[in-house]
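# Fold the following and give me the result.
(chains A and B, ligands or ions: 4)
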Amino acid sequence: MPLVEPGATGAKTETEAVAPIKGGNPGQKRRLGLTFWLSAGWIFTLVFLALFRDILPIRDPDELGIRTREVAKFESPGRNACGGGDGQGRDMFARVVQGARPALILGLTVTIIGGILGSAVGVTSGYLRGKVDTVTTVFIDIALAFPGLVLLIAVRATFGNSMFVFIVLFSLTSIPGYARIVRGASFALSERDFVDAAAAMGATKRRIILRELAPNIALPVLSFAFIGFALVIVAEGGLAFIGLSLDETTWGKLIADGAGDIARHAHVALFPATVMFLTILAFNLVGDSMRALYSPREVATQRRLRVGAMADTGSGDEVLYIDDLFTALHTPNGDVHAVDGVSLSLKAGEALGLVGESGSGKTMILRSIVGAFALADVTRTGTVEVAGVDMLRAEPADIKRTLGTQIGMVSQNPLTALNPVRLIEHQITEPMLVHTSMSKSEARTRALELMQQVGIPAPERRLREYPHQLSGGMRQRVTIAIALANEPELLLADEPTTALDVTVQDQILRLLSDLQRDRKMAMVLVTHDLAVVKGFTDRVAIVYGGEVIESGPTEQIFSNPRHRYTVALIQSMPNLDLPSHSELTTIEGTPPSLVSPPRGCRFAARCPAAQDICNTTPPSTNEASEHWFRCHFPAGDDAEGAA
Amino acid sequence: MAGTGTAHLRHDVVLSVTELVVEFPARKKQVVHAVSGVSFDLDKGETLGIVGESGCGKTTTGRAIMQLESVTSGSIRLNGVDLAAEQGEQLRQARKAMQMIFQDPVSSLNPSRRVREIVREGIDIWGQTREGDVDAWVAEVMESVGLGDEDVADRRPHEFSGGQCQRINIARALVMEPDVLILDEPVSALDVSVQAQILNLLEGLKRQFGLTMLFISHDLSIVRYLSDRVMVMYLGQVCEIAETADLFSRPTHPYSRALLASIPGNTLGLPQASELISGELPSPLNPPSGCRFRTRCPHATDVCTSTEPELVEHEPGHWVACHHPSVNA
Ligand SMILES: Nc1ncnc2c1ncn2[C@@H]1O[C@H](COP(=O)(O)OP(=O)(O)OP(=O)(O)O)[C@@H](O)[C@H]1O
Ligand code: SF4
Ligand code: SF4
Ligand SMILES: [Mg+2]
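Residues are numbered from 1 along each chain as shown, chains lettered A, B, ... in the order given. Ligands and ions are numbered 1, 2, ... in the order given. Model (predicted):
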């Protein structure tokens, strides 16, 4: 184990160093917090004292208690000497300040030298890859396994124990740690398109490393440097304890000296130990706070679901009944009103398309039905009923049973939806074994049936395979089979074909649609692609800014769109009937903020037909009618007269 | 080499790709046949669309032209100069004349740099590339991609939406006045309404700057909107090349027909896609002999197994690589 190796500390692994690549939430300012400032203040004070020790009113650390106000031998900390006196009447405070200097010099130089050299090795190896990388990685591994203590004893015997020797030695042992972290980060970074983009511009390798990669690894390296700094201090303390430290007065030495008499005069060891402990803590905390700046995990807040007061219930024959649903995600940047007063209902055998732009809240509507929110602290109010069960207020056991037996989910990415290390067979039979009284062999027979129904050739063989052995389309068929396992009444499909190829997309949509009709299931099909909705749904709900702004039978929505957003959306689809190169209709501007949604119509800022009232008053609507919309000045009005 | 052919190539073009082969080593000494003998050319001011499903080699073709992948064999001639014969620094010089736009607009921008630096990157790398005032030129380009606002240049990529990021990428490429602009799925990460903005922008820039573009996409309706000619690829080979209108009105290769029939809505009057294509994409590690589409083609016969079809001119300017081309089958 090397003396100083930042990569080895606790949970700070290579993968985490990679975190900046996935990036925090853009546009979101992270604050550093009180711990950071307290820790930084401590470090600053320490540096200040160490720098200006000579001109500050601090006693001479070597003075044996002969000044006007004497420090007695072993005097306890107090008014006369704030750190107390040591066995020779020297002022402990002065001695600890004296010890701060070697600690800081050693820490700083080692961190800078080790950090820079290690980063250079790491970034080169991670970017160039190939043989360079293989060789470097082997060297790093060997260096990390090398016993640093043996090296130290050997070097010390030959070169003495001056500060210079320590710096060189500590720096050398810290290089592999930094190199490993930076290599991991650079390796992942260089897969990002901007590195290819720079290469495509004709940038040289050197330029790519210096201009493209280095700025992006600077922050992670800096945060590790603080932690590395703390490790240098720890290492010195440990060495001092076994009598191998520097000649100078160091904290480690002070502690070691005082430790002999710790039972009677605890303060002699405890005072420097406390200072050292706080310093190490401060460096670690600063490093951690900086890590939080780029680590996406820190956004995660506690998982909590809150549910609002009682509301209406459905009439009974709907499979899905949503009334006045509000879902708010409580985030550090304010409440995101992801679903804002949505009402929907769906009978058996009906397919509803939910269409809208990215971030409009389509997925959140689905998540609100099943109550699955990965990260955020969420409040749901209103009513969500599935097959008569109140999904917001029923007993947890009932909700769980409904989820397991009445709802089937098909997600966008079949690869992440499946467990890579479990056989397909187990993944299909699991919901049956958990939620029904089926035996293992019954479940297996049913799994085989399901595989045939979703059109997987050679199902016996496929059942004994793992997800990675299947193509994307086949995997999506498997997730459909899993969704159908318990014959659900409601199928929720979130962009089920976005990750698939064109010809496969057509097959999967047909399959879903056929199954839905044959089994008289209700289906919600979420998509951003209007063309997909056209052939496969009975009704459409257009989602914009967390609201459903228009809903009606699919044909009517396409033949007679009323809300201005729906009109614009339909017109902006590349249309095979128009000649190529003809100008497409666009929607200028960007969707509204869901943190502070506009007061009036949410589309007002982008709407070509907007008038004053649109900015001030939300359009009302009669949600009971078959085709409804929220618009003050709907399209098609002139032609038909007011509806 | 069959399955491909070069008879359709023209003279005096900006870019000419002949018998391009790109292979990647795979485990157990196997080889991924990503691109197997693809030939096409690009005339000045023309937009060629490349369509096909994932794994058909369209991205690899684009990246190979940009020298981002190493070419196994075949030639890439830019303005008559064979890039395969060039090496090191000279090859890097050729990049000045070609630029590329990638699929993920956000990931293509270095998050720690300002828009100004990003857009000027080419000039920083190459030094002054044109006569006259560079700043004015950069400003003009920014203006034409719709980023003319004063404060844009000092901001960083994360402050922009996906569509705006793609505009920044386009500006960065245009500043270099490329002879050829390669766009790899430039709008597939964007929303429908934003997609339309970027497509209109590209169409406008094409007219304003006389751009020559290679437009790669899996989305046929988008390719149709922007391209003058379209090339359909399947499993590393070319199936069909034709003028856009011809391809959409008279798709002739069985695979092209299946692809067009799969467009949601299927409004082109083709039979259902499931009647035109069956089965799964074979592994590019071990592509079928003869015609690579034969394992999924409803018209396949023995000759399809034994002999690779060559591109043949079916109608003027409409090239098809199939033993049994069908128009109305
Ligand atoms: N974990 C989260 N924390 C904070 N905000 C979130 C979280 N998940 C989603 N949001 C926000 O909720 C809103 C609705 O998101 P949702 O995922 O439902 O959109 P969507 O319509 O499904 O979009 P897409 O087409 O991109 O899938 C967005 O503004 C999104 O940024
Ligand atoms: S209410 Fe007004 S702003 Fe909203 S869509 Fe209708 S016309 Fe446009
Ligand atoms: S008919 Fe033969 S050559 Fe033509 S696509 Fe089908 S398999 Fe290939
Ligand atoms: Mg979604």
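# could you check whether stretch A:542-562 is close to ligand 2?
No. Applying Cβ under 6 Å from any ligand atom, one finds stretch A:542-562 separated from ligand 2 by no less than 7.6 Å. Backbone N, C-alpha and C define where each C-beta goes, glycine included.
# ok, that stretch near chain B or not?
No. Stretch A:542-562 lies apart from chain B when judged by Cβ under 8 Å from any Cβ of the partner chain; the minimum separation is 10.1 Å.
# So which residues of the chain form strands?
Defaulting to chain A. For chain A, applying DSSP state E gives strands covering A:305-307, A:318-331, A:334-347, A:351-356, A:377-386, A:389-390, A:407-410, A:490-494, A:522-527, A:539-544, A:547-553, A:628-629.
# actually chain B
B:15-25, B:31-42, B:47-51, B:73-78, B:81-82, B:98-101, B:180-184, B:213-217, B:229-234, B:237-243, B:312-315, B:318-320.
# Report how many residues lie close to residue 129.
Defaulting to chain A. By other Cβ atoms under 10 Å in any protein chain shown, 13 other residues sit near A:R129.
# my question was about chain B
By other Cβ under 10 Å, neighbour count at B:T129 equals 14.
# Just want to check the distance between it and B:V141.
Distance from B:T129 to B:V141, counting by Cβ to Cβ, to the nearest Å: 12 Å.
# Next: A:F170.
With Cβ to Cβ as the criterion, A:F170 and B:V141 are 51 Å apart.
# Out of those two, name the residue with the larger neighbour count.
Set A:F170 next to B:V141 and count neighbours by other Cβ under 10 Å: A:F170 wins out with 27 against 22.
# So A:G99 sits against A:L254, correct?
Yes. Judged on Cβ atoms under 8 Å, A:G99 makes contact with A:L254 at a distance of 5.7 Å.
# any residues in contact with both of those two?
Residues touching both A:G99 and A:L254 (Cβ atoms under 8 Å, 6 or more residues apart in numbering or on different chains): A:P272.
# the longest helix in the chain is where?
By default, I'm working from chain A. helix A:92-128 (DSSP state H).
# The chain in question should be chain B.
When chain B is scanned for its longest helix (criterion: DSSP H), the result is helix B:192-209.
# can you tell if that helix touches ligand 1?
No. Helix B:192-209 does not reach ligand 1 (Cβ under 6 Å from any ligand atom); its nearest approach is 10.3 Å.
# counting contacts, what elements does that helix pack onto?
helix A:564-572, helix B:134-144, helix B:162-175, helix B:220-226 (3 or more Cβ pairs under 8 Å, 6 or more residues apart in numbering or on different chains; DSSP states H and E).
# okay, these in a markdown table with distance to ligand 2 next?
Shown next, in a markdown table, are the helices and strands packed on helix B:192-209 (distance: least, Cβ to the nearest ligand atom, whole Å):
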| stretch | distance to ligand 2 |
| --- | --- |
| helix A:564-572 | 4 |
| helix B:134-144 | 29 |
| helix B:162-175 | 21 |
| helix B:220-226 | 26 |
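# For the closest residue to B:I198 other than its chain neighbours, list the residues it contacts.
Sequence neighbours aside, B:V187 is the residue nearest to B:I198 in space, at 5.1 Å (criterion: Cβ to Cβ, 6 or more residues apart in numbering or on different chains). Contact analysis of B:V187 by Cβ under 8 Å, 6+ apart lists B:Q166, B:V194, B:Q195, B:I198, B:L199, B:S217, B:I222.
# give me that answer again for 7 Å
B:Q195, B:I198, B:L199, B:I222 (Cβ atoms under 7 Å, 6 or more residues apart in numbering or on different chains).
# how much space is there between it and ligand 3?
B:V187 sits 29 Å away from ligand 3, going by Cβ to the nearest ligand atom, to the nearest Å.
# One more: B:D184?
26 Å.
# Name the residues that touch stretch A:569-576?
By Cβ under 7 Å, 6+ apart, the residues outside stretch A:569-576 that reach it are A:530-531, A:558, A:561, A:584-587, B:192-193, B:196, B:221-222, B:224-225, B:267-268.
# ok, 6 Å please
A:L530, A:P561, A:L584, A:T585, A:T586, B:V192, B:S193, B:A196, B:S221, B:I222, B:Y225, B:T267 (Cβ atoms under 6 Å, 6 or more residues apart in numbering or on different chains).
# circling back to that earlier point, between the strands of chain A, which one is nearest to B:V32?
strand A:407-410 (30.2 Å; Cβ to Cβ).
# could I get the closest one in PDB with only the CA atoms?
Extracted in PDB, the C-alpha atoms of strand A:407-410 (Å, rounded to 0.1, in the frame of the first residue of the first chain):
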ATOM      1  CA  ILE A 407     -51.000  -3.000 -14.800                       C
ATOM      2  CA  GLY A 408     -48.400  -4.000 -17.400                       C
ATOM      3  CA  MET A 409     -45.500  -1.600 -18.200                       C
ATOM      4  CA  VAL A 410     -43.500  -1.400 -21.400                       C
END
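# What strands line up against it, and which way round?
strand A:490-494 (parallel) (DSSP bridges).
# And the closest residue to ligand 1 within chain B, its phi and psi?
Going by Cβ to the nearest ligand atom, ligand 1 is nearest to B:D191 of chain B, at 7.5 Å. Dihedral pair for B:D191: phi -70, psi 160, per degrees, to the nearest 10.
# Who are the contact partners of A:A50?
Residues in contact with A:A50 (Cβ under 6 Å, 6+ apart) are A:A100, A:R101, A:L104.
# Residues of chain B that sit close to chain A?
B:53-54, B:66, B:68, B:92, B:95-96, B:100, B:102, B:104, B:107-110, B:112, B:121-122, B:125, B:158, B:161, B:191-193, B:196-197, B:199-200, B:218, B:221-222, B:224-225, B:244, B:262, B:264-265, B:267, B:273, B:277, B:280 (Cβ under 6 Å from any Cβ of the partner chain).
# Make a PyMOL selection of the buried ones in these.
Paste this into PyMOL to select the buried members of the residues of chain B next to chain A, with burial taken from 16 or more other Cβ atoms under 10 Å in any protein chain shown:
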select buried, chain B and resi 53+54+66+68+92+95+96+100+102+104+107+108+109+110+112+121+122+125+158+161+191+192+193+196+197+199+200+218+221+222+224+225+244+262+264+273+277
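# circling back: closest to A:A351 among the contacts of B:V187?
Of these, the one sitting nearest to A:A351 (Cβ to Cβ) turns out to be B:Q195, at 25.2 Å.
# give me the number of residues near residue 99?
No chain was given, so I picked chain A. Count around A:G99 with other Cβ under 10 Å applied: 25.
# if you could check chain B rather than the one you did, that'd help
By other Cβ under 10 Å, neighbour count at B:Q99 equals 27.
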